[in-house]
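Give the three-dimensional model of this entry:
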Amino acid sequence: MQRLATALAIALFVLASCFNSHAQDIQVIKTRMVGDLLEPPVNAAAITQLMRTIKADGTWPNINYEDVSRTGFQHAEHLGNMLALARAYKKPGSPFLNNAAVKKTFSAALDLWLEKDFRCQNWWWNEMGTPSQMINILLVMDSSLTEKQRVEGLRIARRANLETFGARPGGDLMPIAGMLGKQALFTNNPDTLQRVIRVMAAEIKTSTGRGLKPDMSFHHRTDNVISTLTYGSNFAASFAYWAAKIQGTQFSFPEEAMKLLVDYYLDGICQSLVYATYPDPGAMNRDVSRRNALRKEGTEVPENLLAATKYRAAELENVVRIRRGEVKADLTRDRYFWYSHYYTHQRPNYYASVRMHSARANNMEEPHNEEGIKNHHYGDGSFFISRTGQEYFNIYPVWDWQKIPGATILQKADVPHWKQLAKKGRTHFAGGVSDGVYGAAAFDFASVHDPLKAHKAWFFFDNEIVCLGAGIHADTALPVLTTLNQCLLNKQVAVGANNKTTTLKTGKHALQNVSWVWHDSVAYVFPQPAGVNITNGEATGNWRQITHQAWATTATVREHVFSLWLDHGVQPQNASYAWVAVPNTSTASAAAYSKNMPVKILANTPALQAVQHTGLQRTGVVFYEAGSVKVNDRLTLAATQPCIVMIKADGAAVTALTVAEPTQKLASLQLKVNDRTIAVTLPTGAQAGSTVTVQ
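Next up is the predicted model:
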């Protein structure tokens, strides 16, 4: 009996110790999170205005409480007002700390919400947006809430849970789990918190379905459209935030999950940002129709990751310093995301990317909630060049949406209705090869909207990108244009033609025999003099024409825009183009470059596109079908199947050879280097389409 009593006492002691430990850790985590919620400054004038203008029924006069449509729901502003009032009332040092008038205003606003229980026609607000704000409000006010406010507020917050529609694998599950975790903190429930941590840790994995892909890009849906900088960023931010807040407690994430998340953040997210800081327009979707969509990224995520793990700490610290402006970005890296049809080219002085689609993916994200309603051609081989990250900032209301940078587009009166925007691609050949520093991307382009085809390729080197197009064919009697760029105008535009440099006046220009065009430190150089079209002047538009969200009006937006394009004529049958982007250069250097180009176009046909950089001794070759190319006087390269090859060779001596198979259908192919036949075993399964190095 005594032994039983002793055992029972020990068990009770252990149980009590665990309970106390859980309680202590929950309090630690809760304190950290509330501290974050209280961190933003209190705007005294705004708080005073909220107290002055609130009506007796708890509403504010500037909010439309009747519109609960998918494109409306200004109720979000009401939620934001409540959090601002809660922060003013609770924040140490606030001029409104424990202010009775602030609490009265807050309570009136909260009681109204609890009574009306506002719901939007967009599920996201009901299961995510509103619950997220509600639990934050509850955590901040906590002991200052009435019992009814606690119970009813928690009821609304609990609409974010792991059993709802939105909590599916991918971008939304992680934030929803985080909201559930906050509910556990509010109710001091260690079991729920433990469950949340397990769910979040289990989501840090690669998948061929929704979520994090094996190539370190991210897909929120099953359309195989990249969403790295939207849902994928929310995914990473939610995990990183929780990782920092639970670090050092018994709830901490496993190190394996932390490492994969850091890999994704650095190799996926940061590689999709200009200088690891500004969103690359090429990775965006309907979010480009949101004001300030390309704003600079903050330091919160890398700082949270640094607080939680030492893995790749030096790289994370470098990202933080770059974003703070403490060091200049010094990044050199190429990466092709074979799940997302997306190539990225990072250099210390510029950034470039290519966006494509194929029969494995939709051309673009659906225009959910009637956003991004002009994005029909956005993924049709778009090619963005950035020197500062500001080249396309808020340009979209005034954009010509049939002149997407890089894309070859049939010029219609307008794009189709937005309900016809997203469609599955029509060809299988879309891919890229990269050794991590150099590479190439290529696209057997067939428009999902128009009777238009082309073979498009890009070859990436240190100081230039060579852009080729061949077999441009349209079956409709309308003109076809390839746009080199359409960005914000930054001062002068210069043109080199007939050995003469001319600075263009503002306006529209159709020019012949052009060797190069220069704007905003980027030169567009033509190996053969070409006819070009340029506009450099004011463009007008409005936000309403690209998004039907309630905030978007028809008020005229004015921006000065630079556009440069090639006109292939009406109903072209076998047109082509060739040009070289040379960023970080001057007009004098552009003129010199055009006369002594270090790149040589070896082929530009519907069957074969190839470019050689003589200085780097590297040649990129796109085989759309079996064929061969003479690399130099002593070396010939042949392929038995469609593929993309990057070869480094000095005469007949090959020192590097990388291969990718863009259709993702083959398990092997053969290359022939002079008389030597090389059997190439290609990656399959989750790695199909990735680069393989040939020994």
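
Give me the sheet partners of the lengthiest strand in the chain and which way each runs.
Determined from DSSP state E, the single longest strand within the chain is strand 522-541. Using DSSP bridges, the strands paired with strand 522-541 are strand 507-519 (antiparallel), strand 557-570 (antiparallel), strand 575-583 (antiparallel).

Could you tell me which residues make contact with residue 261?
Taking Cβ atoms under 8 Å, 6 or more residues apart in numbering as the contact definition, residue 261 lies against 204, 236, 239-240, 243, 305. Yep, even glycine has a C-beta here, placed from its N, CA and C like the rest.

circling back: please save the CA atoms from the longest strand of the chain in PDB.
Output of strand 522-541 as PDB, limited to C-alpha atoms (Å, rounded to 0.1, in the frame of the first residue of the first chain):
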ATOM      1  CA  VAL A 522      19.500  49.400 -69.400                       C
ATOM      2  CA  ALA A 523      20.500  49.000 -73.100                       C
ATOM      3  CA  TYR A 524      18.500  47.000 -75.600                       C
ATOM      4  CA  VAL A 525      21.000  46.000 -78.200                       C
ATOM      5  CA  PHE A 526      20.100  44.500 -81.600                       C
ATOM      6  CA  PRO A 527      22.700  42.200 -83.300                       C
ATOM      7  CA  GLN A 528      21.200  43.400 -86.600                       C
ATOM      8  CA  PRO A 529      19.700  46.900 -87.000                       C
ATOM      9  CA  ALA A 530      16.000  46.700 -86.400                       C
ATOM     10  CA  GLY A 531      12.800  48.700 -86.700                       C
ATOM     11  CA  VAL A 532      11.500  49.600 -83.300                       C
ATOM     12  CA  ASN A 533       8.600  51.500 -81.700                       C
ATOM     13  CA  ILE A 534       9.000  53.600 -78.600                       C
ATOM     14  CA  THR A 535       6.700  55.700 -76.400                       C
ATOM     15  CA  ASN A 536       8.100  57.900 -73.700                       C
ATOM     16  CA  GLY A 537       5.500  60.100 -72.100                       C
ATOM     17  CA  GLU A 538       2.400  60.300 -70.000                       C
ATOM     18  CA  ALA A 539       0.000  57.300 -69.800                       C
ATOM     19  CA  THR A 540      -3.400  57.400 -68.100                       C
ATOM     20  CA  GLY A 541      -5.700  54.800 -66.700                       C
END
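
what's the average pLDDT for that strand?
In this model, strand 522-541 has an average pLDDT of 98.

do the same with stretch 495-508
On average, stretch 495-508 scores 97.

do stretch 377-394 as well
98.

same question, stretch 86-101
Mean predicted confidence for stretch 86-101 is 97.

CA atoms only: put it into CSV for me.
Provided in CSV are the C-alpha atoms of stretch 86-101 (Å, rounded to 0.1, in the frame of the first residue of the first chain):
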residue,chain,number,x,y,z
ALA,A,86,-7.1,48.2,-27.8
ARG,A,87,-3.4,49.1,-28.4
ALA,A,88,-3.9,52.7,-27.3
TYR,A,89,-5.6,51.4,-24.1
LYS,A,90,-3.1,48.8,-23.2
LYS,A,91,0.3,49.9,-24.5
PRO,A,92,2.7,51.0,-21.8
GLY,A,93,3.6,54.7,-22.3
SER,A,94,0.5,55.3,-24.4
PRO,A,95,-1.2,58.7,-23.7
PHE,A,96,-4.4,56.7,-23.5
LEU,A,97,-3.2,54.0,-21.2
ASN,A,98,-6.3,52.8,-19.1
ASN,A,99,-8.3,55.7,-20.5
ALA,A,100,-12.0,55.2,-19.7
ALA,A,101,-13.1,57.1,-22.9
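
what's it in contact with?
Here stretch 86-101 has contacts from 37-38, 40, 42, 44, 47, 51, 102-103, 106, 137, 140-141, 144, using Cβ under 8 Å, 6+ apart.

from those, which would you call buried?
Among those, the ones that count as buried by 16 or more other Cβ atoms under 10 Å are 37-38, 42, 47, 51, 102-103, 106, 137, 140-141.

that older thread, pick the one among the contacts of stretch 86-101 closest to residue 523.
residue 40 (44.0 Å; Cβ to Cβ).

Next up, the contacts around the closest one.
Neighbouring residues of residue 40 by Cβ under 8 Å, 6+ apart: residue 87.

and if you look at the one 4 residues further on?
With contacts taken as Cβ under 8 Å, 6+ apart, residue 44 has the following neighbours: 95-96.

again, 7 Å this time
If a contact means Cβ atoms under 7 Å, 6 or more residues apart in numbering, then residue 44 has residue 95 as its contacts.
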